[in-house]
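Chemist: Sequence plus the predicted model coming up.
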Amino acid sequence: MTSPAGGDTAPSSPNFTRLRWLIRLNRHPSALLLLVQLAGLLIYPFLEQRPGGTALLRGFGVIVLGVAIWMVQRSSGRAWISAGIAAPVLLIDLLETVFDLPGLRPWSAALEASFYFYAAACLIRYMLADRRATSDELFAAGATFTLLAWAFTYLFVLCQLLQPGAFGGAIDPGAPRSWTELLFMSFVLLSSTGIGDVIPLSGPARALASLEIFTGVMYLALVVSRLIGLTVLKRGE
């Protein structure tokens, strides 16, 4: 296509725009996973307060699982392992929603924690396999952090289901902690920025909290610092 002045103009059709975005996502799959996870941080508090919010939360969780499986495949992980963990999760969630079987919740939490830990391990291996820091690996650093936060949150959910009263809070101390509260505590512990207003009370809960603090410190010290060092070396060449 040419302009009236005779110069070439870049195509601006909706199809071309879509194709350009697909190319960008293909180059930076970690960015999509990070974007979906961060969107969940903003969406979850509103979904929890709505009628049928549990079903909506599970629906969004299916999207996160799908994107994570795709990311595992792109990072040279074994997608069939992640899919094999995710399939029982989806089945259990469906059975729990349709037949109201609360006894299945601990199994679902344990499997989801395993899924996110496996996805995080695949991304860490992906970041450590290269001697050159790419932009996608920088996105992967953020995505891995959110995956670890999600994984520990499900461990906290499991702990709370098996041991009611394992976590307390400034608001309504005796009530079970919501998903958003446990996710907030997970981010606070993983980043070692404090304890927040949700605190572990039981021995197992405190052990999990200590393990998450250790994981966060080691992740920043070994993985993120390495990426920053590679980025500095690349700029100095």
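Modeler: Arrived safely, thanks for sending. The structure presented is a predicted model; accordingly, all values stated were derived computationally and were not measured.
Chemist: Okay, strands next: where are they in this structure?
Modeler: 167-169, 198-200 (DSSP state E).
Chemist: and the gap between the spatially most central residue of the chain and Glu96?
Modeler: Nearest residue to the geometric centre of the chain (C-alpha atoms, centre = their mean): Leu147, 3.2 Å. The gap separating Leu147 from Glu96 is 23 Å, by C-beta to C-beta, to the nearest Å. For the C-beta atoms, the positions are set from N, CA and C on the backbone; glycine is no exception.
Chemist: related to what we said a few turns ago, ignoring the adjacent residues along the chain, who's closest to the residue nearest to the centre of the chain?
Modeler: Ala120 (4.0 Å; C-beta to C-beta, 6 or more residues apart in numbering).
Chemist: quick one: contacts for the one you found?
Modeler: Shown in contact with Ala120 (C-beta atoms under 8 Å, 6 or more residues apart in numbering): Thr144, Leu147, Leu148, Ala151.
Chemist: Leu111 and Leu91 touch, don't they?
Modeler: No. Using C-beta atoms under 8 Å, Leu111 is not in contact with Leu91; the gap is 9.8 Å.
Chemist: higher neighbour count, the two?
Modeler: Leu111 (21 against 13; other C-beta atoms under 10 Å).
Chemist: what sits against the more buried one?
Modeler: Counting by C-beta under 8 Å, 6+ apart, Leu111 touches Ile85, Pro88, Val89, Ile92.
Chemist: From those, list just the buried residues.
Modeler: Among those, those buried by neighbour count (16 or more other C-beta atoms under 10 Å) are Ile85, Val89, Ile92.
Chemist: Just send these back as a markdown table, with distance to Ala140 and pLDDT too.
Modeler: Below are the buried ones among the contacts of Leu111 laid out as a markdown table (distance: C-beta to C-beta, whole Å; pLDDT from 0 to 100):
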| residue | distance to Ala140 | pLDDT |
| --- | --- | --- |
| Ile85 | 20 | 81 |
| Val89 | 23 | 83 |
| Ile92 | 29 | 84 |
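Chemist: Let's have the contacts of Ala120 in a markdown table, adding distance to Leu227.
Modeler: Formatted as a markdown table, the contacts of Ala120 follow (distance: C-beta to C-beta, whole Å):
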| residue | distance to Leu227 |
| --- | --- |
| Thr144 | 10 |
| Leu147 | 16 |
| Leu148 | 15 |
| Ala151 | 20 |
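Chemist: Show me these that map onto helices.
Modeler: Among the contacts of Ala120, DSSP state H puts Thr144, Leu147, Leu148, Ala151 in helices.
Chemist: List only buried entries from those residues.
Modeler: Buried, going by 16+ other C-beta under 10 Å: Thr144, Leu147, Leu148, Ala151, out of the ones in helices among the contacts of Ala120.
Chemist: Out of these, which comes closest to Leu183?
Modeler: Ala151 (11.1 Å; C-beta to C-beta).
Chemist: and which of the contacts of Ala120 is nearest to Leu42?
Modeler: Leu147 (17.4 Å).
Chemist: looking at it, the closest one is touching Val36, isn't it?
Modeler: No. Leu147 lies out of contact with Val36 (C-beta under 8 Å); the separation is 11.0 Å.
Chemist: Many thanks, I have nothing further to ask.
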